[in-house]
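Asks: Got a predicted model here, sequence first, then my questions.
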Amino acid sequence: IRFGLTAEKDAGEEFFKGSNKQGFDFYSFHFFMRDFKWLKSLAIGDFQVQFGQGVSMWTGFRPLATGNAIDVFRYGKALSPYTSSNEVNYLRGIATELQFGKTQYTIWYSYRMKDAILSDTSLDNELYVTSLQETGFHRTIKEIERKNNYSQQLTGAFMQYTHRVFRVGGGVFYSHLSYPLNKELKPYNQYVFNSQNLLNASISYNVIIKKISVYGENAMSHNGGFALLNGLVFYADPLVTLSAVHRYYSRDYQGVQSAAFGESSSNANETGLYVGAEFIVNRYFILHSYIDYFHFMWLKYRVDAPSSGYKIYSQLTYTLNSKCVMFFRFRYQSKEVNEATEYYNQIIASNKQNYRFQLQLTPISSIQLKSCVEYVAFYPNKEVEKQHGVLVYQDIRWIYKRISLAGRYALFQTDNYDTRIYAYESDVLYASSIPAHYAAGSRFYIVLKTEITPRINMWLKVSQTFYANKNSISSGSEEINGNTKTDIRLQMIAKI
């Protein structure tokens, strides 16, 4: 049995006053019990559900193409407690997972208030949701007015049978909004969900045939749209692993809460083929590579015709010993986008190349050093000169008894936002940070973790970004008059 309470406020949100007289802007409670006879798990409060390959129902992060040949295969947890401070991607209600022999049954119900812009401009004078707000920010008057403006009820059932060499499951998922969606439809988005009720049904499977693991999920929405994802992993040799994933998401497929593998942010209007490989060359070298081709059958935002693209990735890792690891990574992406002409937009291919070298050293068990340099080259089209970007950073991690300290100092220089470079950062527990480095400047952060008692842990993160060629940062409600941005995060977890 486990339970917990999370309280969070963002910078600029009121605290014990105004719109947040109750204190924090966001509260999350979870109670989770598991492995009690035939009751495999029970969740009350906030929780997550994950089924199949995420084609129809998956709360959590969307997977990206990866060089590891087996990372594209996903094993859904079915039911798990929600412990993050993210205010968007979770369910709230009750869920249970039952197991009788080799068969598992999962049933849940969720009721959540969500943020949106409402309008009654339609002819029948009824309220409609014209725009969803999923930032989690409630700082300004407008953001506060949009808070908890509508509700979503989500329910579903999933059954799965597990055998020694195969697993098969099927589920039905239903969503109901208190007000119907009424987005402004344009040619590129005319097939998106724009109603009040949505129903999905899906079937997933995983079969192991000697050295081959075959898996997939096929789903359908009640409007007739469908989504197919099927893949395999071939363990050809202890030193060689191959994988392939094919997906076809029809332009009118509408997932209840989909987060399957793909290039688009939504699992619709896309077909593609991913092929990846892992080669263990010898005791020192490992090579990861993939190529991913994708095609969009219909228009997309700022792409006024069906379009295509592909990605190529390769990473060679050298491990001298447990104290010295380095890798060189190459990524190439080609994607078609609009280019304005005198009378219309034409479709052209824009290309981007990334090169990264990273060295990790552990001179002693309590200290780890990581050095990294990345270069990006962007080719908007044949008539525009190549654009560049460079990022260099140094990490250090130090552990001493109940205290751990992680820090980074980074320098960056890019021609524009198109040549931005992302870099993962350490953060407080259950939070993630992958900031974009662009323009010219520097950034540092320090994350301190201390174990106050065996049951109480505290995290503190301080980060600051300096821009050498700016007089202001961001715009609107987030605008900062100056060239320096500082963030502070404090988190404490107490285990009872």
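Replies: Structure received. Everything quoted here is computed from the prediction, not taken from an experiment. Numbering: from 1, shown residues only.

Asks: Contact partners for the residue most central in space within the chain?
Replies: The chain has residue 61 as the residue nearest its centroid, 3.3 Å off, counting by CA atoms, centre = their mean. Shown in contact with residue 61 (CB atoms under 8 Å, 6 or more residues apart in numbering): residue 259. For glycine as for every other residue, the C-beta is placed from the backbone atoms N, C-alpha and C.

Asks: Could you pull up phi and psi at it?
Replies: The phi/psi pair for residue 61 (degrees, to the nearest 10) reads phi -70, psi 150.

Asks: Excluding chain neighbours, give the residue nearest to residue 219 in space.
Replies: residue 202 (3.6 Å; CB to CB, 6 or more residues apart in numbering).

Asks: Could you list the low-pLDDT ranges of the stretch 1-150 of the chain?
Replies: The model of the stretch 1-150 of the chain has pLDDT under 70 over residues 63-67, 69, 121-124.

Asks: before we move on, what about the stretch 351-496 of the chain?
Replies: Short version for the stretch 351-496 of the chain, where the test is pLDDT under 70: 477.

Asks: could you pull out the helices for it?
Replies: Ranges of helices in the stretch 351-496 of the chain, per DSSP state H, counting those that start in this stretch: none exist.

Asks: What of the chain?
Replies: For the chain, the helices defined by DSSP state H cover 141-145.

Asks: Mind giving me the packing neighbours of whichever strand in it runs longest?
Replies: What stands out as the longest strand in the chain, according to DSSP state E, is strand 345-364. Helices and strands touching strand 345-364, by 3 or more CB pairs under 8 Å, 6 or more residues apart in numbering; DSSP states H and E, are strand 324-340, strand 367-379.

Asks: For it, give me every contacting residue.
Replies: Contacts of strand 345-364 (CB under 8 Å, 6+ apart): 303-305, 307, 309, 322-339, 368-381, 418, 421.

Asks: Among those residues, name the buried ones.
Replies: The neighbour count (16 or more other CB atoms under 10 Å) marks 303-304, 307, 309, 325, 327, 329, 331-338, 368, 370, 372, 374-378, 380, 421 as buried among these.

Asks: From residue 370, how far off is residue 456?
Replies: According to CB to CB, to the nearest Å, residue 456 stands 29 Å off from residue 370.

Asks: same thing with residue 101?
Replies: For residue 101 relative to residue 370 (CB to CB), the value is 48 Å.

Asks: can you check residue 284 too?
Replies: Counting by CB to CB, the gap from residue 284 to residue 370 is 19 Å.

Asks: Count the residues that sit near residue 483.
Replies: Neighbour count for residue 483, taken as other CB atoms under 10 Å: 16.

Asks: go on, the one 4 residues further on?
Replies: If you count neighbours by other CB under 10 Å, residue 487 ends up with 13.

Asks: about what we covered before: export the longest strand of the chain as PDB, just CAs?
Replies: What follows is strand 345-364, C-alpha atoms only, in PDB (Å, rounded to 0.1, in the frame of the first residue of the first chain):
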ATOM      1  CA  ASN A 345       3.100  28.300 -51.000                       C
ATOM      2  CA  GLN A 346       5.200  25.600 -52.500                       C
ATOM      3  CA  ILE A 347       6.500  22.500 -50.700                       C
ATOM      4  CA  ILE A 348      10.300  22.200 -50.300                       C
ATOM      5  CA  ALA A 349      12.600  20.000 -48.200                       C
ATOM      6  CA  SER A 350      14.400  21.500 -45.200                       C
ATOM      7  CA  ASN A 351      17.400  19.500 -43.900                       C
ATOM      8  CA  LYS A 352      19.100  19.500 -40.500                       C
ATOM      9  CA  GLN A 353      22.300  17.700 -39.300                       C
ATOM     10  CA  ASN A 354      23.400  17.200 -35.700                       C
ATOM     11  CA  TYR A 355      26.800  16.000 -34.500                       C
ATOM     12  CA  ARG A 356      27.500  15.300 -30.900                       C
ATOM     13  CA  PHE A 357      30.500  14.100 -29.000                       C
ATOM     14  CA  GLN A 358      30.300  13.200 -25.300                       C
ATOM     15  CA  LEU A 359      32.900  12.000 -22.800                       C
ATOM     16  CA  GLN A 360      32.000  10.700 -19.400                       C
ATOM     17  CA  LEU A 361      34.700  10.100 -16.700                       C
ATOM     18  CA  THR A 362      34.400   8.700 -13.200                       C
ATOM     19  CA  PRO A 363      37.800   9.300 -11.600                       C
ATOM     20  CA  ILE A 364      36.500   8.200  -8.200                       C
END
